[in-house]
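Asker: okay, sequence plus prediction incoming.
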Amino acid sequence: MDVAKLFSLAGKVALVTGANSGIGKSIARSYAAAGAAVVLVARRARELAEAQAEINARGGRAAALACDLADRQALYACAERAPEFFGAPDIVVNAAGVNIRRAMLEVTDADWDATMRINLDASFFLPQRLAPAMIAKGWGRIVNIGSMQSVRAFGNSGAYGASKGAILQLTRAQAEAWSKHGVNANAIAPGFFATPLTAPVQSDPVRWKQMAERTLIGRTGELADLAGAAIFLASRASDYVTGQTIFVDGGMSAGG
């Protein structure tokens, strides 16, 4: 058995949403380093171009595709354009997300709709349109990004938690529908990482320290900690793994 080939992404094309910053950008970098050509998708074109330039400067292959994933028609157009760069994607990572932090009684219709459109709807409709090409090839990977809030509640994040809880069930549904065709679907549930999404928590040193203390490892996550799970779930190494969620949280969900 050639273990290196099991984890290699050479010859694969990955589309990663939310690839302009945080977890999405980190996963896109790791896929490029593992040999994949990467299509970077996000709304902010300037940040996207910077991420693309960074990957290409390191010897990787990346293309930028600006898209407002909250706009259903723009999302459909994104799916249609995705194959233009390197061919039809073999891997789709749904990392784009928003967390509008309000008390439950203060969440507005607009807050709820924006959260669901970006966190949940895009994770449904984008793979729905890209999966047929994977099915035709007999191989593909869907990697959804869940959260600690997929399984537990945090204050002032009710809409976000609802969307991330739904992501785990969506992952199972995608796995049930497509695994028989060689297209596996799994999720990663990160713990607390220093990203723009967690900036409000990071800004409180006491609270951030408490998050670290609730893990079994004793620290919050570093973006590099996600590379192993992300590459595993995108590679041939996970051929017999589908419908699962891997918690990359320093053990917080196990004992915190």
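Answerer: Received it, and whenever you're ready, just let me know what you need.

Asker: and after the host helix or strand of residue 114, which helix or strand comes next?
Answerer: Here residue 114, judged by DSSP states H and E, is contained in helix 109-116. Scanning forward in sequence from helix 109-116 by DSSP H and E, the next helix or strand is helix 122-137.

Asker: and that following helix with helix 109-116, angle?
Answerer: Going by axes from the mean of the first three to the mean of the last three Cα atoms, to 10 degrees, helix 122-137 is angled at 30 degrees with respect to helix 109-116.

Asker: related to what we said a few turns ago, counting by contacts, list what the helix holding residue 114 packs against.
Answerer: Contacts defined by 3 or more Cβ pairs under 8 Å, 6 or more residues apart in numbering; DSSP states H and E place helix 109-116 against helix 158-178. Bear in mind the C-beta positions are built from the backbone N, C-alpha and C, glycine included.

Asker: now do residue 34 against residue 228, distance only.
Answerer: According to Cβ to Cβ, to the nearest Å, residue 34 stands 11 Å off from residue 228.

Asker: who has more neighbours, these two?
Answerer: Counting neighbours by other Cβ atoms under 10 Å for residue 34 and for residue 228 shows that residue 34 has the greater number, 20 against 13.

Asker: so what's that one up against?
Answerer: 7, 8, 9, 10, 231, 234, 235 (Cβ atoms under 8 Å, 6 or more residues apart in numbering).

Asker: let's go with 6 Å and repeat that
Answerer: 9, 231 (Cβ atoms under 6 Å, 6 or more residues apart in numbering).

Asker: residue 251 and residue 213, how far apart?
Answerer: Residue 251 is 12 Å from residue 213, by Cβ to Cβ.

Asker: wait, residue 98
Answerer: 27 Å.

Asker: more neighbours, these two?
Answerer: The neighbour comparison of residue 98 against residue 213 (other Cβ under 10 Å) goes to residue 98, with 18 against 12.

Asker: assess the claim that that one and residue 118 are in contact.
Answerer: Yes: in this structure residue 98 lies within contact range of residue 118 using Cβ atoms under 6 Å: 4.9 Å.

Asker: tell me where this protein has helices.
Answerer: For the chain, the helices defined by DSSP state H cover 3-7, 22-33, 45-57, 72-81, 83-86, 109-116, 122-137, 158-178, 199-202, 205-213, 227-234, 252-255.

Asker: look up how far residue 187 lies from residue 169.
Answerer: Per Cβ to Cβ, residue 169 is found 10 Å from residue 187.

Asker: of those two, who's got more company?
Answerer: The neighbour comparison of residue 169 against residue 187 (other Cβ under 10 Å) goes to residue 187, with 28 against 11.

Asker: low-confidence bits of the stretch 151-256 of the chain, can you list those?
Answerer: The model of the stretch 151-256 of the chain has pLDDT under 70 over residues 256.

Asker: residue 30 - nearest residue in space that isn't next to it in sequence?
Answerer: With sequence-adjacent residues excluded and distances taken as Cβ to Cβ, 6 or more residues apart in numbering, residue 30 is closest to residue 227, at 3.9 Å.
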